[in-house]
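*Asks:* With the input below, show me the fold.
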Amino acid sequence: MTDTKQKTALYKRMLLIRRFEEKAAQMYGLRKIGGFCHLYIGQEAVATGAIGALDLKRDYIVAAYRDHGHALASGMDPKAVMAELYGKVTGCSKGKGGSMHMFDIEKHMFGGNGIVGSQIPVATGVGLKIRYREEDGVVLCFFGDGAIHQGAFHESLNLAKIYGLPVVYICENNQYGMGTDFRRVSAVDDFSVMAASYGIEGRQIDGMDVITVHENVKEIVEKARTEHLPSLLEIKTYRYKGHSMSDPAKYRTREELEDYKERDPILILKKGLLEDGVQASDLEAWDKEAKKLSEEAASFAEESPEPEIEALYSDILA
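*Replies:* Here you go, the predicted model:
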């Protein structure tokens, strides 16, 4: 059972992600941020609830290109994340990765990967490392509904079952693969049933409720850690913004968007905290703090230097 203290921590983390993403969108509009940028607004409960179930001294995270939320949920410094968006040398990838390559080896946050589905075999490899070295860690592998039909997904789940790898594969189904409704390109609407093909556990979870996400992932992580069992979670969520900053999202109705906003994960938990006796003034103060941290991150990025031209070919491994 998640107590009020834990709920408060989850609430603060979701608020930070929401306010950070809003600031990033503003700065992108002002052309302070270039290149691709995929916002996580609306999906905060997934990364927050799932990563909140980990012990990042021994567990790992591997994510896709919509990774700002996962970076912040893992405890990465908002200043380093924002500076990476700006392409500044103080960014977590020295300004060379940008939006899709948030990375922090000390936090066991292994990206941020730009190619659809490419992170799934990477996460499986991290799971193999854990088993080979007889460690007790677990890997959370995040990917979208657009990646679940990739061959790499199916090969990875097969391998994970054969070798008993402690990997929790999490499909964040935000309803659209770029601009295509996932039901138009999928043989099944319930992705969790795919787990049966590999003899592993599958669950479909409400991704708009952070407590539901947190408690399900906590349980499945413990199974992975103690029984060396991979699993597949389909966490159903929704992104409020377009696929990327250039997408006006005209493929969905205003009514659909407003319906999901009625189920906003932050509003759901806010209501729960008020019912637990938390004061409204505390909720307002935490929101102000999240906005302040986001403002400070943008200022830090703005004032940070560009990478030196001599660094163009450093840190290149292949």
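*Asks:* what is the mean pLDDT for whichever strand or helix holds residue 267?
*Replies:* Per DSSP states H and E, residue 267 falls inside helix 265-275. Helix 265-275 shows a mean pLDDT of 97 in the predicted model.
*Asks:* okay, the helix or strand harbouring residue 45 in PDB with CA atoms only?
*Replies:* Under the criterion of DSSP H and E, residue 45 resides in helix 44-51. Once non-C-alpha atoms are left out, helix 44-51 reads as follows in PDB (Å, rounded to 0.1, in the frame of the first residue of the first chain):
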ATOM      1  CA  GLU A  44       3.900  11.600 -16.300                       C
ATOM      2  CA  ALA A  45       2.300   8.800 -14.200                       C
ATOM      3  CA  VAL A  46       4.100   6.100 -16.200                       C
ATOM      4  CA  ALA A  47       7.700   7.000 -15.700                       C
ATOM      5  CA  THR A  48       7.100   8.400 -12.200                       C
ATOM      6  CA  GLY A  49       5.200   5.400 -10.900                       C
ATOM      7  CA  ALA A  50       7.400   2.800 -12.500                       C
ATOM      8  CA  ILE A  51      10.800   4.300 -11.800                       C
END
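*Asks:* Please go through this protein and pick out the longest helix.
*Replies:* Here the longest helix in the chain is taken by residue count, with DSSP state H as the criterion, and it is helix 4-29.
*Asks:* ok now that helix, how far from the chain's centre?
*Replies:* 12 Å (CA atoms, centre = their mean, to the nearest Å).
*Asks:* and the angle for that helix with helix 44-51?
*Replies:* On the basis of axes from the mean of the first three to the mean of the last three CA atoms, to 10 degrees, helix 4-29 is oriented at 130 degrees to helix 44-51.
*Asks:* Do you have the helices of this structure handy? List them.
*Replies:* All helices of the chain, identified by DSSP H, fall at 4-29, 44-51, 68-73, 78-86, 119-132, 151-163, 210-227, 254-261, 265-275, 280-303.
*Asks:* For residue 101, find the nearest of those helices.
*Replies:* Residue 101 sits nearest to helix 78-86 of all these, at 7.4 Å, using CB to CB. Where you see a C-beta, it was placed from the backbone N, CA and C, and this is true even at glycine.
*Asks:* So which residues make contact with the closest one?
*Replies:* By CB atoms under 8 Å, 6 or more residues apart in numbering, the residues outside helix 78-86 that reach it are 16, 20, 23-24, 27, 32-33, 37, 68, 71-72, 89-93, 95, 97-99, 101-102, 104, 293-294, 296-298, 300-302, 304.
*Asks:* weakest of the helices of the chain in terms of mean pLDDT?
*Replies:* Lowest mean pLDDT of those: helix 254-261, a mean of 94.
*Asks:* Report the buried residues of that helix.
*Replies:* By 16 or more other CB atoms under 10 Å, the buried positions in helix 254-261 come out as residue 260.
*Asks:* any residues touching it, and which ones?
*Replies:* Residues contacting helix 254-261 (CB under 8 Å, 6+ apart): 42, 208, 238, 240, 249.
*Asks:* just stretch 144-152 next, same as before
*Replies:* Under CB under 8 Å, 6+ apart, the answer for stretch 144-152 is 64, 66, 116-118, 120-121, 153, 171-178, 180, 182, 185-186, 191, 194.
*Asks:* what's the angle between the longest helix of the chain and helix 280-303?
*Replies:* 40 degrees.
*Asks:* one step back: dump the contacts of helix 254-261 to TSV, plus pLDDT.
*Replies:* Listed next are the contacts of helix 254-261 as TSV, based on pLDDT from 0 to 100:
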residue	pLDDT
42	97
208	97
238	96
240	94
249	89
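*Asks:* Just the buried ones from those residues, in PyMOL syntax?
*Replies:* A single PyMOL command suffices to select whichever of those are buried according to 16+ other CB under 10 Å:
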select buried, resi 42+208+238+240
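*Asks:* Find the residue at the geometric middle of the protein.
*Replies:* Residue closest to the average C-alpha location in the chain (CA atoms, centre = their mean): residue 70, at 3.6 Å.
*Asks:* these two touch, right, it and residue 107?
*Replies:* No - at 10.2 Å, residue 70 does not count as touching residue 107 under the criterion of CB atoms under 8 Å.
*Asks:* Mutual contacts of these two, please.
*Replies:* Common contact partners of residue 70 and residue 107 (CB under 8 Å, 6+ apart): residue 61.
*Asks:* confidence score at the residue lying closest to residue 34 once chain neighbours are set aside?
*Replies:* Distances taken as CB to CB, 6 or more residues apart in numbering put residue 87 closest to residue 34, at 6.8 Å, once the chain neighbours are dropped. With respect to pLDDT, residue 87 scores 97.
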